[in-house]
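Novice: Structure for the following, please:
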Amino acid sequence: QVQLVESGGGVVQPGGSLTLSCTASGSMFGIESMGWYRQAPGKQRAFVAESRDGHVTNYGFSVKGRFTISRDYAKNTITLQMNSLRPEDTAVYYCSLYGTTWADTRTKRQYWGQGTQVTVSS
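Specialist: Model prediction:
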């Protein structure tokens, strides 16, 4: 099927920066979007950013202007550059892919990575 492998999480002080990466592999047929979600303790998973076909990017309100998503279409990789990090950015960050596979080229599904922890603390 589809495998998403994330890297780059860690601990950073408020105001610092981190870069997350995610690479997709497997039997992808068409990728409509790749992006990031996050889940803080006791909260629901929330949208962070996405890169859609046609070089369209979207951001959650709380990260707009601080986070930047980029995508390498040839390598099926996305990165999330996170600047000016705040304690409220602390969460597990999940890579997401929305698209189809060779097994079923008509049904779009959302796939998830295992998640990477980002902790912003002094």
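Novice: only C-alpha atoms for contact and neighbour calcs from this point on.
Specialist: OK.
Novice: mind listing what Glu32 touches?
Specialist: By Cα atoms under 8 Å, 6 or more residues apart in numbering, the contact set of Glu32 is Arg52, Asp53, Leu97, Tyr98, Gly99.
Novice: Okay, now the sheet partners of whatever helix or strand the last one lives in, with direction.
Specialist: It stands for Gly99. In this structure, Gly99 sits in strand 91-101 according to DSSP states H and E. Its sheet considered, strand 91-101 pairs with strand 28-39 (antiparallel), strand 104-112 (antiparallel), strand 116-120 (antiparallel) by DSSP bridges.
Novice: Those into TSV, with extra columns for distance to Val11?
Specialist: Output for the strands paired with strand 91-101, formatted as TSV (distance: least, Cα to Cα, whole Å):
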stretch	distance to Val11
strand 28-39	15
strand 104-112	22
strand 116-120	5
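Novice: can you dump the C-alpha coordinates of stretch 99-116 into CSV?
Specialist: Output of stretch 99-116 as CSV, limited to C-alpha atoms (Å, rounded to 0.1, in the frame of the first residue of the first chain):
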residue,chain,number,x,y,z
GLY,A,99,-4.7,9.9,-3.2
THR,A,100,-5.1,6.6,-5.0
THR,A,101,-3.1,3.4,-5.3
TRP,A,102,-2.6,1.0,-8.2
ALA,A,103,-4.8,-1.5,-6.4
ASP,A,104,-7.7,0.9,-6.7
THR,A,105,-7.2,3.9,-9.0
ARG,A,106,-10.6,5.3,-8.5
THR,A,107,-11.0,5.5,-4.8
LYS,A,108,-9.1,8.3,-2.9
ARG,A,109,-8.0,7.5,0.6
GLN,A,110,-6.1,9.2,3.3
TYR,A,111,-3.0,7.6,4.6
TRP,A,112,-1.1,8.4,7.8
GLY,A,113,2.5,8.2,9.1
GLN,A,114,3.4,7.0,12.6
GLY,A,115,3.9,10.5,13.9
THR,A,116,6.9,12.4,15.3
